[in-house]
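**Student:** next come a sequence and a model predicted from it.
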Amino acid sequence: QVQLQESGPGLVKPSQTLSLTCTVSGGSISGGSFYWTWIRQHPGKGLEWIGYIFTGGSAYYSPSLKSRATISVDTSKNQLSLRLSSVTAADTAVYYCARESGNYAIDYWGQGMLVTVSS
Amino acid sequence: DIQMTQSPSSLSASVGDRVTITCRASQGISNYLAWYQQKPGKVPKLLIYGASTLQSGVPSRFGGSGSGTDFTLTISSLQSEDIATYYCQKYDRAPRTFGQGTKVEIK
């Protein structure tokens, strides 16, 4: 059973860089053909797709976040990472990591982590 | 980029009612459409992928249909445990856009 767990600072100051890690267990992040994905949800709002990195391939981002977001994989640690630069209060949200299985959509989600941007 | 529009944004129905939620893509996405259920304070859960294939373990009262630009999620007989917000998502290509969600409540 694949499990994903987000970690990182829960509080980030405006203009700084948000950095989150997602640890994958129960499977190799470099095995298979998966889209390792970040999604966020502003308080009381809907789901917003941030981007993904394909196994052994390139990353793709939401057009609205493309200039600030970086998704990467550390296969030695079986971890997925998100960096979001120049954050503002509008980046306050619950951040989810997830695994998309191509034809089978997003079948595994992390528990989500609330990140608050505030001085 | 392709936009995903769900309707209605919210609905109230009685237990046992048939409930229908629609999702429209601004361009054709074949059958690369998924539906997720998110209960309050919980992680989203995959209900349907490929527009109409029920994820393992999902009750058979949930059903999906459609192809191209118009899709439907149907709950054949609404149960109290179905109170949630439902999201569609396209996954044919990036960006993998979500619909804005439909909140389902019990009347």
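**Tutor:** Looks like it arrived, so ask away.

**Student:** quick one: secondary structure of the residue nearest the centre of chain B?
**Tutor:** Nearest to the mean C-alpha position of chain B, counting by C-alpha atoms, centre = their mean, stands residue B:35 at 3.9 Å. Under DSSP: H, G, I helix; E, B strand; the rest coil, the three-state class of residue B:35 is strand.

**Student:** how about the residues of chain B that lie near chain A?
**Tutor:** Residues of chain B found near chain A (C-beta under 8 Å from any C-beta of the partner chain) are B:1, B:34, B:36, B:38, B:43-46, B:49-50, B:55, B:85, B:87, B:89, B:91, B:94-101. Glycine gets a C-beta too; all of them are placed from N, C-alpha and C.

**Student:** are any of the residues you listed buried, and which?
**Tutor:** Among the residues of chain B next to chain A, those scoring as buried are B:34, B:36, B:38, B:43-46, B:49-50, B:55, B:85, B:87, B:89, B:91, B:94-101 (criterion: 16 or more other C-beta atoms under 10 Å in any protein chain shown).

**Student:** which ones among those lie within strands?
**Tutor:** Per DSSP state E, strands hold the following members of these: B:34, B:36, B:38, B:45-46, B:49, B:85, B:87, B:89.

**Student:** farthest pair within the residues you listed?
**Tutor:** Across those, the longest distance by C-beta to C-beta is 18.2 Å; it joins B:49 and B:85.

**Student:** buried residues of stretch B:48-63, list them for me.
**Tutor:** Buried, per 16+ other C-beta under 10 Å, within stretch B:48-63: B:48-55, B:58, B:62-63.
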